[in-house]
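**Q** Quick one: sequence plus predicted model below, questions after.
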Amino acid sequence: MDGFDTGRLIYLIILGLMVCTWFFAQNRLSTNKLLQQATVWGLIFLGVLAAYGLWDDIRQTVRPQQAVFAEQGKVVVPRSPDGHYHIAAEINGAPVNFVLDTGATMLVLTRRDATAAGLDPDRLNYIGRAMTANGEVRTAPVRLETLTLGPATDTNVPAVVNSGEMSQSLMGMTYLQRWGKIEIAGGELTLTR
């Protein structure tokens, strides 16, 4: 620190001491209550500092992230608090979040994800039909130029775009069969090529 910074620091310390002295002098009759309040505020401050310092660990516990082991050809996806496996991938370079659905035959895209991947849902031909928990929906067959999941990039991937409302795209069995090994154990889904 140079002389200017040292002077400012000394000034701030003296000013802080003066404010504290005035505060204690004003509240000398209720010192017990003042110490209780100071302790509570100190604990709140320490709690905020601890939460800030541990935020990465807390976030990983609340919303675990998938891990990619490229050299081993693996993707490990932890089970989310909602009980599903949410998988982050890229379609034609656009990020898309899927829900693993072993009951779905195809890779099913929402209209929003299809648009992000460069497809125009309004120009697709919805000639297919699929039965869902909400009844029958119309689907449009498409071919995805690229689908990248962890270390693997597949080309010319068949998929369908759902004409109805979906909250998230589904990763079905036709794509999952491209992986050599699928294992669900200990709250984790492991895909290995």
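**A** Great, that's in hand.
**Q** Let me know the secondary structure of the closest residue to residue 31 other than its chain neighbours.
**A** Excluding the flanking residues, the one nearest residue 31 by Cβ to Cβ, 6 or more residues apart in numbering is residue 24, at 7.5 Å. Every residue, glycine included, has its C-beta placed from N, CA and C. Following DSSP: H, G, I helix; E, B strand; the rest coil, we place residue 24 in the helix state.
**Q** ok, residue 24 touching residue 35?
**A** No. At 10.1 Å, residue 24 does not count as touching residue 35 under the criterion of Cβ atoms under 8 Å.
**Q** what about the residue nearest to residue 31, how many neighbours?
**A** 11 (other Cβ atoms under 10 Å).
**Q** next one: the one 10 residues further on
**A** Look at residue 34: counted by other Cβ under 10 Å, it has 15 neighbours.
**Q** just how off-centre is the strand or helix carrying it within its chain?
**A** Element membership of residue 34 [criterion: DSSP states H and E] is helix 31-53. Its chain's C-alpha centre and that of helix 31-53 lie 32 Å apart, by Cα atoms, centre = their mean, to the nearest Å.
**Q** helices or strands up against that helix?
**A** Packed against helix 31-53 by the contact rule (3 or more Cβ pairs under 8 Å, 6 or more residues apart in numbering; DSSP states H and E) you find no helix or strand.
**Q** Pull out the buried positions in it.
**A** By neighbour count on 16 or more other Cβ atoms under 10 Å, the buried set for helix 31-53 is empty.
**Q** what's the answer for stretch 128-138, then?
**A** 130, 137-138.
**Q** Go ahead and confirm residue 127 touches residue 142.
**A** No. Using Cβ under 8 Å, residue 127 is not in contact with residue 142, being 11.6 Å away.
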